[in-house]
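Chemist: got a predicted model here, sequence first, then my questions.
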Amino acid sequence: MLTNHKAHPFNVALVQAHIELGNPAVNRNHMRTLMEQAVTGAQKPDLIVLPEMWNTGYALDHIQELADEGGAETRAWIAPFAATHQVNVVAGSIAEKKSDGHVYNTMLVFDQTGAEVASYSKIHLFRLMEEEKYLHPGGEKVLFTLDGGIQAGASICYDIRFPELARSLALSGANLLIVPAEWPHPRLHHWRTLLTARAIENQMYVIACNRVGRSGDADFFGHSLIIDPWGEIIAEGGEQEEIITGGLEPALVQDVRGRIPVFEDRRPSMYDR
Ligand SMILES: O=C(O)CCC(=O)C(=O)O
């Protein structure tokens with residue numbers, strides 16, 4: 001295992017929460033309570049991450065009425081929360097109704113001043129949950145810089161089954177992949193393996209925040225993960241609500257990339273699709 005402990009790691013807190021189906025008001029209050037716990041915990045986080053579709057859950061039948069119009073409601077409380085507590089917030093993803101009338105599965109990112117630094121809508125919609133019938137896919141990959149200078153790339157849940165996206169983010173400069181999810185049983189093996197592979201092959205940190213609890217037929221297992229660029233699991237959640245914390249050491253990315261020069265040894269002309 002590679003170690004490169006610095007005095008001030010970049011502390012992350014993953015809010016592994018239960019989500020109430022189709023009840024944005026309850027979910028908003030619940031997330032705020034958990035986020036307050038995160039910022040008053042023993043280790044003050046530099047970054048808080050929420051799970052996927054936390055405002056509505058997969059209430060897709062009613063998603064047109066339930067979705068946050070222009071993301072306004074979410075922005076209105078998360079931006080001041082970030083500023084008040086001087087913490088970066090990746091607000092998981094929400095069902096967001098955009099001005100084109102479509103609903104997107106959208107990640108919003110705020111810096112420590114409460115300024116919005118990025119917005120990413122899920123590119124790969126998940127047919128097993130009929131996302132493609134109710135949601136509109138995003139049209140671009142998204143990178144952003146967090147306070148502290150860390151370059152991060154956005155992925156939402158099913159996106160991690162497409163290694164091309166994480167690789168493309170890494171090639172564009174990402175040192176960290178952030179993954180909000182609603183990933184259910186019985187695919188824990190896929191979850192852990194895919195996330196670890198994305199970390200190892202791209203020599204980047206991967207932090208993934210999954211929800212817990214039952215919703216309809218789905219049983220969401222948590223197991224939120226913080227994985228370092230060598231593929232070591234720094235922290236992993238259980239199957240109940242909890243806040244998973246860990247410290248990232250950004251210099252470790254260059255360290256690992258120096259040890260096995262994968263990016264120098266790539267042969268892009270050999271990969272035709
Ligand atoms: O790929 C999977 O197994 C789960 C994906 C998923 O649940 C989602 O994208 O919402």
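Modeler: Yep, that arrived.
Chemist: flag every buried residue along stretch 132-145.
Modeler: Within stretch 132-145, the residues that qualify as buried are 134-136, 138, 141-144, counting by 16 or more other CB atoms under 10 Å. (Glycine included, C-beta is placed from N, CA and C.)
Chemist: got those residues as TSV, with pLDDT and distance to Arg161 columns?
Modeler: Compiled in TSV, the buried residues of stretch 132-145 are given as follows (pLDDT from 0 to 100; distance: CB to CB, whole Å):
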residue	pLDDT	distance to Arg161
Tyr134	98	20
Leu135	98	17
His136	98	20
Gly138	98	16
Lys141	98	15
Val142	98	18
Leu143	98	20
Phe144	98	22
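Chemist: closest to the ligand among these?
Modeler: The closest of the buried residues of stretch 132-145 to the ligand turns out to be Leu135 (CB to the nearest ligand atom; 10.1 Å).
Chemist: among the buried residues of stretch 132-145, which are in helices?
Modeler: Per DSSP state H, helices hold the following members of the buried residues of stretch 132-145: Tyr134.
Chemist: adding distance to Ala76, write the buried residues of stretch 132-145 out as CSV.
Modeler: As requested, the buried residues of stretch 132-145 are arranged in CSV below (distance: CB to CB, whole Å):
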residue, distance to Ala76
Tyr134, 25
Leu135, 23
His136, 23
Gly138, 22
Lys141, 27
Val142, 22
Leu143, 25
Phe144, 21
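Chemist: now, which of the buried residues of stretch 132-145 sits nearest Ser119?
Modeler: Nearest to Ser119, judged by CB to CB, of the buried residues of stretch 132-145 is Val142 at 7.2 Å.
Chemist: from Leu188, how far off is the closest one?
Modeler: 27 Å (CB to CB, to the nearest Å).
Chemist: which residues of this protein fall in helices?
Modeler: Assigned by DSSP H, the chain shows helices spanning 24-40, 63-66, 72-85, 131-134, 163-171, 188-202, 251-259, 262-265.
Chemist: ok, for Val100, nearest residue in space, not its chain neighbours?
Modeler: For residue 100 the amino acid is Asp, not Val. Nearest-residue entry for Asp100: His136, 7.7 Å, with adjacent residues in sequence omitted and distances by CB to CB, 6 or more residues apart in numbering.
Chemist: was I right about the one you found contacting Tyr104?
Modeler: Yes. Applying CB atoms under 8 Å, one finds His136 in contact with Tyr104, separated by 5.4 Å.
Chemist: what parts of the protein come near the ligand?
Modeler: 126, 129, 157-158, 161, 182-183, 187, 190 (CB under 6 Å from any ligand atom).
Chemist: now do the contacts for Gly153.
Modeler: Gly153 makes contacts with 141-143, 166, 169-170, 172, 174, 176-178, 204, as judged by CB atoms under 8 Å, 6 or more residues apart in numbering.
Chemist: 6 Å - rerun?
Modeler: Contact analysis of Gly153 by CB atoms under 6 Å, 6 or more residues apart in numbering lists 143, 169, 174, 177.
Chemist: between these, which is nearest Ile150?
Modeler: Out of those, the member with the shortest distance to Ile150 (by CB to CB) is Ala174, at 9.0 Å.
Chemist: so for the closest residue to the closest one other than its chain neighbours, what pLDDT did the model give?
Modeler: Distance criterion CB to CB, 6+ apart; nearest residue to Ala174, sequence neighbours excluded, is Gly153 at 3.4 Å. pLDDT for Gly153: 98.
Chemist: kindly report the same for Gly41.
Modeler: Reported pLDDT for Gly41: 81.
Chemist: measure it to Ala208 for me?
Modeler: 20 Å.
Chemist: more neighbours, those two?
Modeler: More neighbours surround Ala208 than the other of Gly41 and Ala208, with 31 against 13 (other CB atoms under 10 Å).
Chemist: correct me, but that one touches Leu225?
Modeler: Yes. Counting by CB atoms under 6 Å, Ala208 touches Leu225, with 4.9 Å between them.
Chemist: what is in contact with the two at once?
Modeler: In contact with both Ala208 and Leu225: Leu195, using CB under 6 Å, 6+ apart.
Chemist: just name the closest of the contacts of Gly153 to the ligand, please.
Modeler: Using CB to the nearest ligand atom, these come closest to the ligand at Leu177, 15.0 Å.
Chemist: relative to Arg167, how far out is that closest one?
Modeler: To Arg167, Leu177 is 10 Å away according to CB to CB.
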